[in-house]
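A.B. asks: Here's a sequence, model it:
(one chain, ligands or ions: 1)
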Amino acid sequence: MLLTVSDVSKSYRKGQPVLHNIDVTVGAEEIVGLVGESGSGKSTLARLIMQLEPTESGCIVFDGLPITKRSKKEFYKKCQIIFQNASSALNPSWTVREILMEPLRSQKMDREQHIQKMLGNVGLSKQHLNQRPSELSGGERQRVNLLRSILVNPKLLICDEIVSDLDRLIQREIVDLLLELNRTTGMAILFISHDLQIVEYLCNRIYVMKNGEIIDESSKIENEFEFSSSYSKKLFGK
Ligand SMILES: Nc1ncnc2c1ncn2[C@@H]1O[C@H](COP(=O)(O)OP(=O)(O)OP(=O)(O)O)[C@@H](O)[C@H]1O
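C.D. replies: Have a look, this model is predicted:
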């Protein structure tokens with residue numbers, strides 16, 4: 001497994017756990033969905049995987065090594081996250097070129113050439129490089145965010161509600177881009193979303209969270225997901 005979350009719990013206040021004994025895996029090249037109502041703990045889990053907060057108990061292993069044993073710099077080359085709000089993630093005073101150069105600053109390569117080569121993969125063009133985030137549409141901003149994350153060629157991309165602010169057509173374009181990236185580079189994806197239709201379309205496997213627990217898991221078989229709990233069945237209209 002590329003990512004194994006074992007028996008992970010987390011509380012912000014004593015005696016009020018927001019995550020209880022979470023077990024989640026993401027295989028290499030897999031696209032896994034994480035759904036659940038607001039406040040169920042999805043983003044908290046993503047933050048723990050990214051080491052933005054410490055876990056209280058349990059273990060998270062990435063690519064064969066507990067994440068706490070990895071240097072963050074090396075870990076962030078292999079595991080990236082994108083959040084919902086593309087605008088706040090992008091420095092407003094930088095051009096798209098400057099934003100995209102930044103994650104590559106320590107790499108010995110022709111950065112401009114690498115960026116130009118990758119632009120087309122996310123549906124952007126050279127003209128966008130001189131623009132600032134405020135001059136882009138919401139969909140273009142999320143494409144810049146996506147490109148910034150994949151420039152380092154991560155093995156896992158965590159997407160936390162990345163299409164929620166976009167209209168249906170643009171959502172579909174971004175999701176198709178993710179599918180294409182997964183197909184061409186093998187990058188695994190953990191896709192957190194409220195949008196069950198998109199999750200069913202994109203993912204090979206889905207976890208359902210409720211009140212800080214994983215209550216169901218289902219793999220796509222013949223393009224269909226089957227859930228065992230009545231909560232998930234109702235949620236997905238099965
Ligand atoms: N820094 C924090 N301090 C205290 N409580 C927090 C903190 N972050 C999250 N929580 C609480 O943890 C619970 C889970 O929040 P989380 O954001 O992980 O849920 P979510 O499933 O991602 O929700 P949404 O879909 O609305 O983003 C919520 O009850 C939230 O209020």
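
A.B. asks: near the ligand, which residues of this structure?
C.D. replies: The chain comes close to the ligand at residues 12, 18, 36, 38-44, as judged by C-beta under 6 Å from any ligand atom. Any C-beta I mention is one placed from the backbone N, CA and C, and that applies to glycine too.

A.B. asks: who wins for neighbours among these?
C.D. replies: With neighbours defined as other C-beta atoms under 10 Å, the most crowded of those is residue 36; it has 25 neighbours.

A.B. asks: which non-adjacent residue is nearest that residue?
C.D. replies: Leaving aside its sequence neighbours, residue 36 sits nearest to residue 209 (C-beta to C-beta, 6 or more residues apart in numbering; 3.3 Å).

A.B. asks: Tell me the secondary structure of that neighbour, please.
C.D. replies: Three-state assignment for residue 209 (DSSP: H, G, I helix; E, B strand; the rest coil): strand.

A.B. asks: give the contact list for it.
C.D. replies: With contacts defined as C-beta atoms under 8 Å, 6 or more residues apart in numbering, residue 209 is in contact with 34-36, 40-42, 45, 215.

A.B. asks: coming back round to it: in helices, which of the residues of the chain next to the ligand fall?
C.D. replies: Of the residues of the chain next to the ligand, the ones assigned to helices by DSSP state H are 42-44.

A.B. asks: what two of the contacts of residue 209 are the furthest from one another?
C.D. replies: 45 and 215 (13.8 Å; C-beta to C-beta).

A.B. asks: And these two? Which one has more around it.
C.D. replies: Using other C-beta under 10 Å as the criterion, residue 45 and residue 215 rank with residue 45 on top: 29 against 16.

A.B. asks: The more buried one contacts residue 26, doesn't it?
C.D. replies: No - Residue 45 sits out of contact with residue 26 when judged by C-beta atoms under 8 Å, with a separation of 11.6 Å.

A.B. asks: Can you list the buried residues in the longest helix along the chain?
C.D. replies: Longest helix of the chain, by residue count under DSSP H: helix 168-185. Neighbour-count burial for helix 168-185 flags 170-171, 173-175, 177-178, 181-182 (criterion: 16 or more other C-beta atoms under 10 Å).

A.B. asks: Apart from its chain neighbours, what residue comes closest to residue 61?
C.D. replies: Residue 61 sits nearest to residue 4 (C-beta to C-beta, 6+ apart), 4.5 Å away.

A.B. asks: Provide the secondary structure category for that neighbour.
C.D. replies: What three-state DSSP gives for residue 4 is strand.

A.B. asks: which other residues reach the lowest-mean-pLDDT helix or strand in the chain?
C.D. replies: Least confident helix or strand of the chain, by mean pLDDT, DSSP states H and E, is helix 86-89 with a mean of 79. Outside helix 86-89, the residues that touch it by C-beta under 8 Å, 6+ apart are 82-83, 133, 138, 141-142, 144-145, 162, 165.

A.B. asks: Now for the residue lying closest to residue 150 once chain neighbours are set aside: which residues touch it?
C.D. replies: Nearest residue to residue 150, sequence neighbours excluded (C-beta to C-beta, 6+ apart): residue 181, at 6.3 Å. By C-beta under 8 Å, 6+ apart, the residues touching residue 181 are 121, 150, 157, 187.

A.B. asks: Residue 58 is in what secondary structure piece?
C.D. replies: strand 57-62 (DSSP states H and E).

A.B. asks: hmm, who's touching that strand?
C.D. replies: Strand 57-62 is contacted by residues 1-9, 21-22, 48-49, 66-68, 70, 75, 78-79, 156 when judged by C-beta under 8 Å, 6+ apart.

A.B. asks: can you do 10 Å?
C.D. replies: 1-11, 17, 19-26, 45, 48-51, 66-70, 75, 78-79, 155-156 (C-beta atoms under 10 Å, 6 or more residues apart in numbering).

A.B. asks: That'll do, ta.
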